[in-house]
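A.B. asks: 3D, please:
(one chain, ligands or ions: 1)
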Amino acid sequence: MTNTPRTTDDAESKPRTFVLASRASKLAQIQTNIVLDALRAAFPSLSFDTSFMSTEGDKNQSQALYLLGGKALWTKELEIALKEKTVDMLVHSLKDVPTVLPDGCEIGAILEREDPVDSLVVKQGLPYKKLEDLPAGSVVGTSSVRRVAQLRRAFPGLQFMDVRGNLNTRLAKLDAADGPFTALILAKAGLVRLGLGDRITDDLHAPVLYHAVSQGALALEIRTDDSQIRGLCEALIHRETQLRCLAERAMLRKLEGGCSVPVGVTTSLTHEESRPDGLKRSLLHITGCVTSIDGSLHVQEALAETVQNPEEAEQLGTRLATLLIDNGAGGILEDISRDREKRANEAKEKER
Ligand SMILES: NCc1[nH]cc(CCC(=O)O)c1CC(=O)O
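C.D. replies: Next up, the predicted model:
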């Protein structure tokens, strides 16, 4: 047997292994494996691996999300690893990705969306199916100010309470015999991906509840200077989801909201025509709303436009945000940031 000496050249010609990274929660791992399977199917000769880590949002389970504010709670640690090149691609729920990315990072692909609606999950053993069925005073758990603000309008008799933790933790809190909750509102996509879709008793649609920007869609975040991985990402782009989500994110960016402001949205894309030059023109509808935390004020606007590319989709979202701001959303958002500052200061005072 001959001994082949290992030269530097050999090491360098060793094929690159692309490392996909995400949060360590069960849902994040399932989502990463969805992407891993798609990449392996599209590029059978390439080598992929995964890496999981916890983020500030996972570690800080006690503070209300509303007070933690619009920081990059779920993405920052991952983006550091991406920039240090320990990993090559981040798999996110696009909903959790801030609308402005750090320098050197970009979205490489937005994948086909699950149903973006929010769903009702009722405590095990209780007979209720819909929010309408819940007795007055029932406690509904959600950590989203968007859901609380909109649902207070439609269901003034219900009580809403913060519930934190990953999806399995929240369901355990719901089902606990001595727990306060009668039901939870959760994103349908997360429940379905976790195989918990059978716990859903109802889906909540607009105009009762507008979903979060980009809810239900997965996104891949990459280094701007990594053209090789950008090329791989392109194979996973779902055009319809991409155009819808980019419009939604452009709206939120202009409203200067993070994941924790009461901004809701719905979009739809209808294919109008394939033109002789090969470009597709699609009609993009977007309805957006901003609701005050107590549900007393609600501003809602809608626009529709034919779009041919991501830039035009973003322009539509930005225009909708301007319309919302001009029609009262600006005041609602200012009140919220004043209130958040006040509460954050009170919390700091308490610590002293
Ligand atoms: N903020 C938590 C979060 N981020 C993404 C999802 C669900 C999956 C998705 O929207 O893609 C959830 C859970 C929830 O809101 O119920």
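
A.B. asks: hang on, A24 packs against T50?
C.D. replies: No - with contacts counted by C-beta atoms under 8 Å, A24 stays clear of T50, the gap being 10.7 Å. In short, each C-beta sits where N, CA and C put it, glycine included.

A.B. asks: would you mind giving the secondary structure of T86?
C.D. replies: When classified by DSSP: H, G, I helix; E, B strand; the rest coil, T86 comes out as coil.

A.B. asks: which bits of the stretch 201-350 of the chain sit near the ligand?
C.D. replies: Residues of the stretch 201-350 of the chain lying close to the ligand by C-beta under 6 Å from any ligand atom are 215-216.

A.B. asks: need the helices for the stretch 201-350 of the chain, in chain order.
C.D. replies: 227-234, 239-255, 310-324, 330-351 (DSSP state H, counting those that start in this stretch).

A.B. asks: what's the burial count for the residue of the stretch 201-350 of the chain found nearest the ligand?
C.D. replies: Using C-beta to the nearest ligand atom, the closest approach of the stretch 201-350 of the chain to the ligand is made by Q215 at 4.1 Å. The tally of other residues near Q215 (other C-beta atoms under 10 Å) stands at 25.

A.B. asks: and the closest residue in space to it that isn't next to it in sequence, how many neighbours?
C.D. replies: Excluding the flanking residues, the one nearest Q215 by C-beta to C-beta, 6 or more residues apart in numbering is P116, at 4.3 Å. Burial measure for P116: 24 neighbouring residues, criterion other C-beta under 10 Å.

A.B. asks: in three-state terms, label the residue of the stretch 101-250 of the chain found nearest the ligand for me.
C.D. replies: At 3.2 Å from the ligand, G190 is the closest residue in the stretch 101-250 of the chain, using C-beta to the nearest ligand atom. When classified by three-state DSSP, G190 comes out as helix.

A.B. asks: how close does it get to A28?
C.D. replies: Separation of G190 from A28 (C-beta to C-beta, to the nearest Å): 10 Å.

A.B. asks: please parse this protein into its domains.
C.D. replies: Here the domain parsing of the chain from automatic domain parsing is 16-113+218-237, 118-204, 238-352.

A.B. asks: can I get the ones you listed in JSON lines with mean neighbour count and mean pLDDT?
C.D. replies: Output for the domains of the chain, formatted as JSON lines (neighbours: other C-beta atoms under 10 Å; pLDDT from 0 to 100):
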{"stretch": "domain 16-113+218-237", "mean neighbour count": "17", "mean pLDDT": "89"}
{"stretch": "domain 118-204", "mean neighbour count": "18", "mean pLDDT": "96"}
{"stretch": "domain 238-352", "mean neighbour count": "18", "mean pLDDT": "90"}
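
A.B. asks: okay if I get those domains as TSV plus distance to H211?
C.D. replies: Output for the domains of the chain, formatted as TSV (distance: least, C-beta to C-beta, whole Å):
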stretch	distance to H211
domain 16-113+218-237	9
domain 118-204	6
domain 238-352	6
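
A.B. asks: please name the residues that touch the residue nearest to the spatial centre of the chain.
C.D. replies: Nearest residue to the geometric centre of the chain (C-alpha atoms, centre = their mean): K95, 1.3 Å. K95 makes contacts with 187, 212-217, 259, as judged by C-beta atoms under 8 Å, 6 or more residues apart in numbering.

A.B. asks: what sits against the residue of the stretch 101-250 of the chain closest to the ligand?
C.D. replies: Taking C-beta under 8 Å, 6+ apart as the contact definition, G190 lies against 27, 93, 167.
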